[in-house]
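**Student:** Just the structure for this:
(4 chains)
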2 protein chains.
Amino acid sequence: MRADRLKLDDQLCFALYAATNAVTRAYRPRLAEIGLTYPQYLIMLVLWQDGPRTLGAIARRLCLAQNAITPLVDRLEKAGLVTRTRDPADRRVITIALTETGESLHDGAARAQHEVKCETLLDEAELAALRSTLFALVDRMKTETGHADIAHAPAHPAPDLADGG
Amino acid sequence: MRADRLKLDDQLCFALYAATNAVTRAYRPRLAEIGLTYPQYLIMLVLWQDGPRTLGAIARRLCLAQNAITPLVDRLEKAGLVTRTRDPADRRVITIALTETGESLHDGAARAQHEVKCETLLDEAELAALRSTLFALVDRMKTETGHADIAHAPAHPAPDLADGG
DNA sequence: TGTGATTACTTCATGCGTGAGGATTCATAA
DNA sequence: TTATGAATCCTCACGCATGAAGTAATCACA
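**Tutor:** Residues are numbered from 1 along each chain as shown, chains lettered A, B, ... in the order given. Take a look at the predicted model:
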């Protein structure tokens, strides 16, 4: 075995992959209680925080391609959590807005988020540090790779020192 | 809008999710050149580093359920990169081993890994720090959640100060 | 006015990760 | 020997992310 051989535990990508899987797995059963999957929860987060948004705006916010969002919104719409409205001024655009039912799920989601945050055993400062390191990495990778669909998304703002599961 | 409202950019989970997606996207076209997807690359990493392993051992190493590994190995086998051998002593067990072709892909993978590592714009110390933070998080989440299939996997060793894309 | 490019969204095929369920094999002990 | 339980792997259905391709509406501009 050569010395310059790749090692799994040296890979940042694997650390990220495993950590993301672990956190998502922690969310799964808790979000299932309020009828959400994890990516659906991310869309709800955008709507809870920002209010009604177009499909493209949601995609850019989550650093995903639009065709990843379409079927998620389909399911949220079927579940009665959001509405799709075509903009009369520009009929290409579709605006996604929360229904009252969708709005009402916020507290249950906040409980799930709090529980997962506690499971990480990280304090607020550690959470904030890790978060900002990761968002900075995301911003660099975004401009480097130049993925057509998401390259022009705005950089992540420096988040304040609160929350974070 | 209430003050205790969930905010997307406060969520560690989203930072992880976005960072993992970004890094995986950076790998995708480079791994495609040698005919691998990203999860297939992870399996190859295990085999390059550890040598022949059972299907269950690979799953535990990658913190995944076995049924996630089966179809990956199917594709690697069809591509002629690995072989499946049933253990004659315990016929439940299937050992996965690299073929010469599979072995020969290491250098191309190392090149992809190096390029992605450079794209992160992190130096070795930063890479190592982030990696160990994330692996520590993984270990805590693993024991907390107690996912049946992966709970008893060995803890990640402290990785040395080399490499890491 | 009309032509071509662009934008916003959708559809489809492919590969992945999860949970539920099943088949085979092995270990243990009544 | 047979029954019980556990271990190992596979199959299937579902939801998600990507790339390629398509549709419809809008914009730029000659």
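
**Student:** Correct me if wrong: residue A:63 contacts residue A:142.
**Tutor:** Yes: contact status for residue A:63 versus residue A:142: in contact at 7.0 Å, counting by C-beta atoms under 8 Å. C-beta coordinates here come from the backbone N, C-alpha and C atoms, glycine included.

**Student:** Between those two, which is the more surrounded one?
**Tutor:** When neighbours are counted by other C-beta atoms under 10 Å in any protein chain shown, residue A:63 and residue A:142 differ, and residue A:63 comes out ahead with 23 against 20.

**Student:** Specify the angle between the least confident helix or strand in chain A by mean pLDDT and helix B:124-145 in degrees.
**Tutor:** Within chain A, confidence by mean pLDDT, DSSP states H and E is lowest for helix A:124-145 among all helices and strands, at a mean of 89. Orientation check (axes from the mean of the first three to the mean of the last three C-alpha atoms, to 10 degrees): helix A:124-145 against helix B:124-145 gives 120 degrees.

**Student:** So is helix A:124-145 next to chain B?
**Tutor:** Yes: judged by C-beta under 8 Å from any C-beta of the partner chain, helix A:124-145 and chain B are in contact via A:127, A:130-131, A:133-135, A:137-138, A:140-142, A:144-145.

**Student:** could you dump that helix to CSV, C-alpha only?
**Tutor:** Extracted in CSV, the C-alpha atoms of helix A:124-145 (Å, rounded to 0.1, in the frame of the first residue of the first chain):
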residue,chain,number,x,y,z
GLU,A,124,-24.5,28.5,21.0
ALA,A,125,-21.0,29.8,20.3
GLU,A,126,-19.8,26.5,18.8
LEU,A,127,-22.9,26.3,16.7
ALA,A,128,-22.4,29.8,15.4
ALA,A,129,-18.7,29.2,14.6
LEU,A,130,-19.4,26.0,12.7
ARG,A,131,-22.3,27.6,10.8
SER,A,132,-20.3,30.6,9.7
THR,A,133,-17.4,28.3,8.6
LEU,A,134,-19.7,26.2,6.5
PHE,A,135,-21.6,29.2,5.0
ALA,A,136,-18.3,30.7,4.0
LEU,A,137,-17.3,27.5,2.4
VAL,A,138,-20.6,27.4,0.5
ASP,A,139,-20.1,30.9,-0.8
ARG,A,140,-16.6,30.1,-2.1
MET,A,141,-17.6,26.8,-3.7
LYS,A,142,-20.6,28.6,-5.4
THR,A,143,-18.5,31.2,-7.1
GLU,A,144,-15.8,28.7,-8.0
THR,A,145,-17.9,26.1,-9.7
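
**Student:** In the strand or helix carrying residue A:14, which residues are buried?
**Tutor:** Here residue A:14, judged by DSSP states H and E, is contained in helix A:12-32. With burial defined by 16 or more other C-beta atoms under 10 Å in any protein chain shown, the residues of helix A:12-32 counted as buried are A:12-27, A:30-31.

**Student:** No more questions from me, cheers.
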